[in-house]
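# The sequence and its predicted three-dimensional model are supplied below.
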There are 2 protein chains.
Amino acid sequence: MDFSSFLTSLGTSFILFLVLMFLFTWLSRRPGNHPVYYPNRLLKGLDPYEGLRAPRNPFAWIREALSSTEADVIRMSGVDSAVYFVFLSTVLGILVISGVILLPVLLPVSATAHTVIKAAVAAAANSTTSQGSFDDLDKLSMGHIEEASPRLWAFLISTYWVSFVTYYLLWKAYKHVSNLRATALMSPEVRNEQFAVIVRDIPPAPEGQSRKEHVDSYFRAMYPDTFYRSMIVTDNAKVNEIYEELQGYKKKLAHAEAVYALSKTTAKPEGTKPTTKTGFLGLVGQKVDALEYYDKKVKELVPKLEAERKATLKDKQQCAAVIFFNNRVTAASAAQSLHDKTVDAWTVMDSPQPHQIIWSNLPKRFYTRRIRQYTIYFIVFLTIFFYMIPIGFVSALTTLANLEKYLPFLKPIVEQTTIKTVLEAYLPQIALIVFLALLPKFLLFLSKQEGIPSESHAQRAASGKYFYFSVLNVFIGVTIGSTLFTTFKEIEEHPNSIVDLLAKSLPGSATFFLTFVALKFFVGYGIELSRIIPLLVYHLQKKYVCKSENELREAWAPGDLGYATRIPGDMLIVTIVLCYSVIAPLIIPFGIVYFGLGWLVLRNQVLKVYVPKYESYGRTWPHMYIRIMASLMLYQVTMLGYFSAKKFVKGAPLVILLPIFSIIFILVCNEKFYRSFAFTPLDVACRELKETPNMEVIFKSYVPPCLHSDKGDDEDQFEDHALSQVTKTGSAV
Amino acid sequence: MDFSSFLTSLGTSFILFLVLMFLFTWLSRRPGNHPVYYPNRLLKGLDPYEGLRAPRNPFAWIREALSSTEADVIRMSGVDSAVYFVFLSTVLGILVISGVILLPVLLPVSATAHTVIKAAVAAAANSTTSQGSFDDLDKLSMGHIEEASPRLWAFLISTYWVSFVTYYLLWKAYKHVSNLRATALMSPEVRNEQFAVIVRDIPPAPEGQSRKEHVDSYFRAMYPDTFYRSMIVTDNAKVNEIYEELQGYKKKLAHAEAVYALSKTTAKPEGTKPTTKTGFLGLVGQKVDALEYYDKKVKELVPKLEAERKATLKDKQQCAAVIFFNNRVTAASAAQSLHDKTVDAWTVMDSPQPHQIIWSNLPKRFYTRRIRQYTIYFIVFLTIFFYMIPIGFVSALTTLANLEKYLPFLKPIVEQTTIKTVLEAYLPQIALIVFLALLPKFLLFLSKQEGIPSESHAQRAASGKYFYFSVLNVFIGVTIGSTLFTTFKEIEEHPNSIVDLLAKSLPGSATFFLTFVALKFFVGYGIELSRIIPLLVYHLQKKYVCKSENELREAWAPGDLGYATRIPGDMLIVTIVLCYSVIAPLIIPFGIVYFGLGWLVLRNQVLKVYVPKYESYGRTWPHMYIRIMASLMLYQVTMLGYFSAKKFVKGAPLVILLPIFSIIFILVCNEKFYRSFAFTPLDVACRELKETPNMEVIFKSYVPPCLHSDKGDDEDQFEDHALSQVTKTGSAV
């Protein structure tokens, strides 16, 4: 890739972004599009423009985003979103403070160096760029400095500077997030999940006691004053299936009714009764009156559901339960305490929000969970390393030279200058981005198989796996892969350590990643802001599919930020920018734009668009933190390798200290803060509540929808089998 | 060392043991010696012979020891002693079950091997024994098998057998000890420490609140129903000094009174008033009437103590406190819960028994403790490795050949056959044992400096340090040291890994350790059983020093088992026997005798002699467990090295699996059981009590003796400054 194609890439990206931004300004003003651009505000019952003083100029959203406070974010979108912004602004801070020193110092130092690049270094450092003529950018990188030059001291000090800036800002951020979490948890609002704990691995009940009595007597003995009630987890697979079927028919019935009502208002006042077919997907089989058919189905299913519901509550009790306490301190304390003398019985943990519990995972036994966990780690390991091979090929094949070579029939197209430039700029990047889109669902599925009890926890686990995947495959894979084809023989002759190889390959891939980052921020955030795809989907659905009000609401339901893929994506950029920060400082401004623009665009989206599905009160933070640190350590180790490759004998040993500092920093931070993210500190839980909690409401919120009775005698149903107001049976030995 | 000197060593040791045992039988029957041989029974108010049906024959004590149950041990000496016997019998079990297979299989396999020992192996394996002619024993060891012989399969299978026997018995033992601990903790007796927790790192009280109010309001908010009272830890250094001085004078006064009373009964009915001198140690200075002088001193000190006591309670409050709850569950749960949102404030932990709290360590801050801890680890590390050099020299110098060479004037003495044999048998061992006696006090001192809050914990920490010292210096040091002087050049030429070196040196040191173990069990346990030194001390004190009843009681106070040195000593034997079990299976019977005899003798001592100072409810066990596992892994790694040295290509890779199995076993055990040793499980704490606890008594038991008021208005004193019955100040924000 030459310099002009790099500029083309930048330029087109920027123009695309401008176009998308104006599109956004224009589209978001039209009231018909409000459900797409302001769903969060609409759902909260706010006017889309409420509280905004500015007239609707193209940059109004920027001012709104900049003037919003953290409290606004928490109010509109919860603590998790606020924590995500802490992450964005921390990284932004690291890059800005690093850049302020690195850019004015390192760029002149590199540019003015009298390079007599020796043959060996030249081969390694300029392996990919030597084909093109990317000299202007190359001059500004560390690869331009000759071996053992005293100028390397500037780079060494810069390495230290970046590390210490990171430590300082991360420490501040950890403290800040810790306070955010504490403030949220000590809120006087009644939050249902703060009054409950989950118990797993319940041993079999003794002879003559039901499981419920067993659980009740066990907890009543320990918490005589604060134990409220228990709920045994049941195997809901079958009742849920019937419930889903019933809900499906109810929806179809509502749709048919809406269609029927609509047909009345037109020419025929008696309307046209909609019809459906009884076979597969309503496409084959006998043609019947839809209204009657669905109504019959619903009527058939209701008693079936009721019967299954009773059977489930009675006979399908599992070895897990939810325990309710009438105050927050006891619940917080119970979740932290060891109850049985072995860890594999009566495992108590704090409860996630009721709607994010993965019920089917609760009854999984301790050792089952462990074995599943390690099995899945192994599968993920295999996934990461089997993908490595294709990615290596893809990134090596998708250079134009290679394409022409292997697919000669493309030659006439590819030779045209414009197409050539665009293709050269984007082709490898697009291949990579498409490739990455395949994975997240699979990783989330795997994470749920581990036996994790809550959706948000599963998201965090999937996010972690995705991060390791990205760093290992995209970053290390592309970096090494790009040199692999040119220097393969060299490596064969001198089998060297991976760090050395990585260090030598880095400068060569710098331009690839510059383009990658630029593409991600301009195009990625442009599409994010303009919401073109949700807009299209919404209008199509509105026009052709949705008939009832409910259906329409579902059509514009905004979804959440999608942390499971968003954070690893950001982390990949963090890794790339950190690792190149000293080697090719020119990447820092790109990183700043990525995180700055990201902050702006997402602030807008969080305030107006996305509605978070779950709230984990900032538990994502320790994961973000440890991954920034992982990136930093990768950077430090790479720099160590690179300084050694530059034969910088005096300075290189000093770099060894940095990973050690990082490990100490991680240990200190973890020790100081981590426990308060794993548990709720009692000091936080003991704050007074606004009102006395209605325990019955809290209890009901935990009953899965498929177990809710329509008859309203809900309580009696539960009373029979899964409730605690039985006579005290005493647990003393 | 040749075979006859080995037999001499064994024989003399055994005779010595018999002599000591008969001495014990004879001495212990005399009623005047009962305070030395039965102090535990006397202190418990039992008759020395109570419940013993047997007449006093020389072996009666053996029958008593064998017929005693675990419940007897717990009743007489607590859970910690019972756990120690679980340790002894587990190791005994491992050795017996290993020996049953290994001895009949491996000895014939070795003895019948047609050895064509190649030059290299011969040099390494027989390095120390080649000087003597220790062929008979050598033939029975693995060193006798030639390289790559198929006979090595028998040794490989034996290695596996020993490992799996160890896993199985340790698992059973861990389960058993876990039950012992639970049973003890759920006892219906009121144990003061189960109602209290220790709080450290208390932040400064807010303006206008005393520290006491601050602590009270903090805990009352969290535990409104169960919080009883708090006690702020004070800096007692000065008041304690005055208290000790006062107690000293009181003792001297009592002694003088006893002397005066005694003098009356003799010739002069008016008696002789004892005198003392006012100067240093009563040896110099003015001669005064002792009674008057001590009485005056006591009267002077009492008001001084009282004034200092008040000042201490008021002005010397520290940032730590003891919190009392009126039930066990809350205390157990509080000790496990995170209270503040950072770990370095309001650290709550379970309370040790009041008399074993190290008060001066409580106010040490979180980071101070951490820094001290790591500093002390570093000092211990240095200690271990600086001792290594002298020990290497000692063990190499104290072979007779070397002694004659370097100290030629000893030659005439040493040349005499009897002396030569005895010296040859014992000299290196005695040097080693004396050497080891220097260290424990220093390690205990270091451990206390770490900021550990209880004596028993400090003992455990010291014990761990001593273990690493023993294994590294005595075992590895002697083993390698012994070859160091003979094969030093060889090593210089082929610098090899330490494992290889260790593996090659092992057979050469086998006989040294055989003798070492034999000496330890016959002489060590003989002296232990006969209690000759305490007997002498007691009779000397009784005759010349003690005048009053109290003084006499102090003279025969039995002390405890001394786990801090005893367990590492045993552990060293475990390590030696395990490591040699396959290489020289003849060591197994020695190990069996060591642990069998130890079990017998100590059972007797525990039931009749020693009185435990502390009770930690079996918390020593995880330490014993992990160290047995450490020995096992050392053994496995050594065997790996030795099989490689034997060029056993087919089998050696199989040995790599064993350390992996061990790591998995450790992780599983730790995960399953460890938490219940670190904390009190709530299920265990919630059992009903025999009686309602008298909280005031519990509170008083925590007041250090120097702060007890003589006047009886104790409560009022504490009421002022360090008590909780103040008006509720409310902690809600």
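Cool, the structure landed.

# In contact with the closest residue to chain B within the stretch 51-200 of chain A, which residues?
The stretch 51-200 of chain A approaches chain B most closely through residue A:182 (4.7 Å), counting by CB to the nearest CB. (Glycine included, C-beta is placed from N, CA and C.) Counting by CB atoms under 8 Å, 6 or more residues apart in numbering or on different chains, residue A:182 touches A:676, A:681, A:684, B:341.

# Quick one: mean pLDDT for the helix or strand hosting it?
Using DSSP states H and E, residue A:182 sits within helix A:152-185. Across helix A:152-185, pLDDT averages out at 92.

# Please apply the same query to stretch A:609-623.
For stretch A:609-623, mean pLDDT is 88.

# is chain B contacted by that stretch?
No: for stretch A:609-623, no contact with chain B is found by CB under 8 Å from any CB of the partner chain; the gap never falls below 11.4 Å.

# Off-centre distance for that stretch?
Centre-to-centre, stretch A:609-623 and its host chain are 9 Å apart (CA atoms, centre = their mean, to the nearest Å).

# What is the end-to-end distance of it?
25 Å (CA to CA, to the nearest Å).

# ok, back up a step: from the contacts of residue A:182, which two are the most distant?
Farthest apart among these by CB to CB are A:676 and A:684. That separation is 7.9 Å.

# Spit out the residues that contact these two alike.
Joint contacts of residue A:676 and residue A:684 (CB under 8 Å, 6+ apart) are A:182, B:341.

# now the strands for the stretch 151-300 of chain A?
Secondary structure of the stretch 151-300 of chain A (DSSP state E, counting those that start in this stretch): strands located at A:196-200, A:227-234, A:275-277, A:287-289.

# returning to that earlier point: let me have the contacts of residue A:182 in CSV, adding pLDDT as columns.
As requested, the contacts of residue A:182 are exported to CSV (pLDDT from 0 to 100):
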residue, pLDDT
A:676, 88
A:681, 89
A:684, 85
B:341, 82
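
# quick one: which of the residues you listed is nearest residue A:353?
Using CB to CB, the contacts of residue A:182 come closest to residue A:353 at residue A:684, 17.4 Å.

# Name the SS class of the closest one, please.
helix (DSSP: H, G, I helix; E, B strand; the rest coil).

# Angles on the backbone of residue A:320, please.
Main-chain dihedrals, residue A:320, degrees, to the nearest 10: phi -140, psi 160.

# May I ask which helix or strand encompasses residue A:35?
helix A:34-37.

# what mean pLDDT does that helix have?
80.

# for it, packing partners?
Helices and strands touching helix A:34-37, by 3 or more CB pairs under 8 Å, 6 or more residues apart in numbering or on different chains; DSSP states H and E, are helix A:3-29, helix A:532-544.

# Of those helices, which stretch is the most buried?
Most buried of those, by mean neighbour count (mean count of other CB atoms under 10 Å in any protein chain shown): helix A:3-29, with a mean of 17.

# elements contacting that one?
Partner elements for helix A:3-29 (3+ CB pairs under 8 Å, 6+ apart): helix A:34-37, helix A:60-67, helix A:135-138, helix A:417-437, helix A:498-519, helix A:525-530, helix A:532-544.

# worst average pLDDT in these?
helix A:135-138 (a mean of 60).

# Could you dump the strands of the stretch 151-300 of chain A into a markdown table with mean neighbour count, distance to residue A:456 and mean pLDDT added?
Shown next, in a markdown table, are these (neighbours: other CB atoms under 10 Å in any protein chain shown; distance: least, CB to CB, whole Å; pLDDT from 0 to 100):
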| stretch | mean neighbour count | distance to residue A:456 | mean pLDDT |
| --- | --- | --- | --- |
| strand A:196-200 | 25 | 14 | 92 |
| strand A:227-234 | 23 | 19 | 88 |
| strand A:275-277 | 16 | 39 | 73 |
| strand A:287-289 | 13 | 44 | 77 |
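
# domain parsing for chain A?
For chain A, automatic domain parsing gives the domain ranges A:3-66+A:74-188+A:499-678, A:239-309.

# Tell me how far stretch A:461-480 lies from the chain's centre.
That offset, for stretch A:461-480, works out to 14 Å (CA atoms, centre = their mean).

# What mean pLDDT does it get?
Per-residue scores along stretch A:461-480 average to 80.

# Extract the C-alpha trace of that stretch and format it as PDB.
Provided in PDB are the C-alpha atoms of stretch A:461-480 (Å, rounded to 0.1, in the frame of the first residue of the first chain):
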ATOM      1  CA  ALA A 461     -17.600 -14.400  29.900                       C
ATOM      2  CA  ALA A 462     -18.300 -14.300  26.200                       C
ATOM      3  CA  SER A 463     -16.700 -10.900  26.000                       C
ATOM      4  CA  GLY A 464     -13.500 -12.200  27.600                       C
ATOM      5  CA  LYS A 465     -13.300 -15.100  25.200                       C
ATOM      6  CA  TYR A 466     -13.800 -12.700  22.300                       C
ATOM      7  CA  PHE A 467     -11.100 -10.400  23.500                       C
ATOM      8  CA  TYR A 468      -8.500 -13.200  23.600                       C
ATOM      9  CA  PHE A 469      -9.700 -14.300  20.200                       C
ATOM     10  CA  SER A 470      -9.300 -10.800  18.800                       C
ATOM     11  CA  VAL A 471      -5.900 -10.100  20.300                       C
ATOM     12  CA  LEU A 472      -4.400 -13.500  19.500                       C
ATOM     13  CA  ASN A 473      -5.900 -13.800  16.000                       C
ATOM     14  CA  VAL A 474      -6.300 -10.300  14.600                       C
ATOM     15  CA  PHE A 475      -3.500  -8.500  16.200                       C
ATOM     16  CA  ILE A 476      -0.800 -11.200  16.700                       C
ATOM     17  CA  GLY A 477      -2.100 -13.300  13.800                       C
ATOM     18  CA  VAL A 478      -2.200 -10.500  11.200                       C
ATOM     19  CA  THR A 479       1.100  -9.000  12.400                       C
ATOM     20  CA  ILE A 480       3.000 -12.200  12.200                       C
END
